[in-house]
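A.B. asks: fold the following, please.
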Amino acid sequence: MSALDDDDFFDDDPFDGEATPLDRFEAAASGPAARLAPDGLRTLAELFDRPSSFSAIRASVPGFEEQVDAIISASQQEDLPVRAVAAYLRGVAAGLETAAVRVEPVWSGPTEHGVPVRATAQVLSGLVRRARHELLLMTYSAKPYEPLREALADAVARGVVSRVVVETLQGAGSAISGAEPAAAFHGLGVELWHWPVTRRAEEKGRMHAKIAVADRRELLVSSANLTQSGVNSNIEAGLLVRGGTAPERAAEHFDALRAAGILERL
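C.D. replies: Just a heads-up that it's a prediction; the model follows:
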């Protein structure tokens, strides 16, 4: 992917005070790179490090092909060594993660490449897989969704305390049919919680929240239920919040509801 050796990249500036190849690459790539999430940037960095074919790199972050193309083109234009490109991408990823607050829109359903968006399924699985200590999910309806089940099983295996709050058939009245939503998580070792109907001030009150919180540092708030339709097929919208106080406050609210007995273990 490059005609230069790594040592050549660090030679004295041949432009004698003018912009260096790295300067020009950063100017061209910074905007597209900022549109990608840290996990997407690290995926690109790994592929540049191998190195991989351009077609494989383009396909590594679905929905962001235009941004990936811009990064590839900028690296080719300046003939940069692959290690330098990978290091830059990892640096941008680290910078995005240390920013005070980062908020990204998240969508389920059809997308248009002219307006790249992050997919709910990818964001949810990534959030679960990044959790190291604590994980909280809340959903109204739920059906077995294997990518999420696999991610939750991995989280439990590495010692992440995982709690899932679901609605019940009794609590939903006739709005939910079939198996209990909690059945979607059976066998995974997660704690299952619910809002008993006896603790509801209004007969028509529902446990309708749809959130995911990882380590009190990441918060996904979405209209999507934890079902195949919710995270993939329907048009659903949400926000992924990284940093700031919102993730911690969401987890604290759950703690308060649990301590007050409003939420109980299933």
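A.B. asks: residues contacting the top helix by length along the chain, please?
C.D. replies: Using DSSP state H to define each element, the chain has its longest helix at helix 82-98. Residues outside helix 82-98 that contact it (Cβ atoms under 8 Å, 6 or more residues apart in numbering) are 1-2, 6, 9, 22, 25-26, 29-30, 33-34, 37-39, 41-42, 44-46, 48-49, 51, 71, 75, 102, 242. All C-beta atoms are positioned from the backbone trio N, CA, C, and that covers glycine.
A.B. asks: same deal with stretch 27-36?
C.D. replies: Outside stretch 27-36, the residues within contact range by Cβ under 8 Å, 6+ apart are 19, 41, 44, 61, 64, 66-68, 70-71, 73-75, 77, 88-89, 92, 96, 116.
A.B. asks: quick one: the strands in the protein?
C.D. replies: Per DSSP state E, the chain carries strands over the ranges 101-108, 118-119, 134-139, 161-166, 191-194, 211-214, 218-222, 236-243, 264-265.
A.B. asks: rewinding a little: in ChimeraX, how would I select the buried members of the contacts of stretch 27-36?
C.D. replies: In ChimeraX, a selection of the buried entries from the contacts of stretch 27-36 looks like this (16 or more other Cβ atoms under 10 Å):
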select :41,44,61,64,67,68,70,71,74,75,88,89,92,96,116
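A.B. asks: just the helices in the stretch 1-150 of the chain please.
C.D. replies: 6-9, 21-34, 38-49, 54-58, 65-78, 82-98, 120-130, 146-157 (DSSP state H, counting those that start in this stretch).
A.B. asks: CSV for these, including distance to residue 195 and mean pLDDT?
C.D. replies: Converted to CSV, these look like this (distance: least, Cβ to Cβ, whole Å; pLDDT from 0 to 100):
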stretch, distance to residue 195, mean pLDDT
helix 6-9, 58, 40
helix 21-34, 40, 89
helix 38-49, 33, 86
helix 54-58, 45, 81
helix 65-78, 41, 90
helix 82-98, 34, 87
helix 120-130, 22, 94
helix 146-157, 21, 96
